[in-house]
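*Asks:* Pasted the sequence and its predicted model underneath.
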Amino acid sequence: MAKSSNSFTVIEGGISKVYTNVVLGKNQYGAGSGGGGFEVDAETKNYLDAKVEAVKAQNDARFSEVITKLDSFNGKLDSFNPVSWQQQAGIAITGIVVTIGLVFSVLAYASDRFDSGIGAMGAIDDTLDVQRELNAAQDKRLNRVIQLLERQGFEPQAVPEGQD
């Protein structure tokens with residue numbers, strides 16, 4: 001297999017740089033590269049190594065900044081006083097009192113609603129009494145009509161269920 005020499009262009013920040021003497025498939029000594037990828041000359045390798053080192057330095061600086069901030073935050077957390085058993089007991093008692101208060105308020109509300117329902121029974125009883133009186137008066141009128149019809153010779157007939 002013959003060597004093929006290629007060139008490629010890298011554009012960075014609007015500036016283009018042409019790299020030449022790129023060998024595909026074999027290194028400069030004629031041996032295979034193992035990966036079948038690009039073999040680059042020393043100038044390209046140095047350029048890429050410098051870029052990788054710059055990125056590593058930026059990352060290291062950022063990581064050290066983050067670690068410094070985390071250490072500062074941990075120092076602030078350490079300055080808080082731990083909660084004592086008295087404070088925990090106070091919180092528990094407060095929670096119990098609030099729960100009991102809520103139960104009593106729900107019961108009071110339900111009792112008020114129940115009392116309103118019981119109070120409405122008087123009005124309902126009055127309405128039922130009036131309706132019973134109206135029904136009795138209608139029954140009297142209907143009995144009177146039936147009696148008059150019977151005197152005239154009409155026989156009352158039962159109405160089948162559902163045809164009222």
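*Replies:* Okay, I see it. Treat the numbers as computed from the prediction; the structure is a model and nothing was measured.
*Asks:* Pull the number of nearby residues for residue 86.
*Replies:* For residue 86, the neighbour count with other Cβ atoms under 10 Å is 8. Every residue, glycine included, has its C-beta placed from N, CA and C.
*Asks:* Kindly report the same for residue 10.
*Replies:* 13.
*Asks:* Leaving out the residues flanking it, which one is nearest to it?
*Replies:* Spatially, and ignoring its direct neighbours in sequence, residue 10 is nearest to residue 17 (5.3 Å; Cβ to Cβ, 6 or more residues apart in numbering).
*Asks:* Let me know the secondary structure of that neighbour.
*Replies:* Put simply, residue 17 is strand when judged by DSSP: H, G, I helix; E, B strand; the rest coil.
*Asks:* any idea how far residue 63 is from residue 73?
*Replies:* From residue 73 over to residue 63 the distance is 15 Å, taken as Cβ to Cβ, to the nearest Å.
*Asks:* Is it correct that the residue nearest to residue 10 is in contact with residue 9?
*Replies:* Yes: counting by Cβ atoms under 8 Å, residue 17 touches residue 9, with 6.9 Å between them.
*Asks:* Now do residue 123 against residue 95, distance only.
*Replies:* 43 Å.
*Asks:* sorry, that was for residue 77
*Replies:* Following Cβ to Cβ, the distance that separates residue 77 from residue 95 is 25 Å.
*Asks:* ok, now residue 153?
*Replies:* 86 Å.
*Asks:* neighbour count winner among those two?
*Replies:* The residue with more neighbours, out of residue 153 and residue 95, is residue 95; 10 against 6, by other Cβ under 10 Å.
*Asks:* Now do the top helix by length along the chain, average pLDDT.
*Replies:* Longest helix of the chain, by residue count under DSSP state H: helix 85-151. Mean pLDDT, helix 85-151: 87.
*Asks:* Check which helices and strands that helix is in contact with.
*Replies:* If contacts are counted by 3 or more Cβ pairs under 8 Å, 6 or more residues apart in numbering; DSSP states H and E, helix 85-151 sits against no helix or strand.
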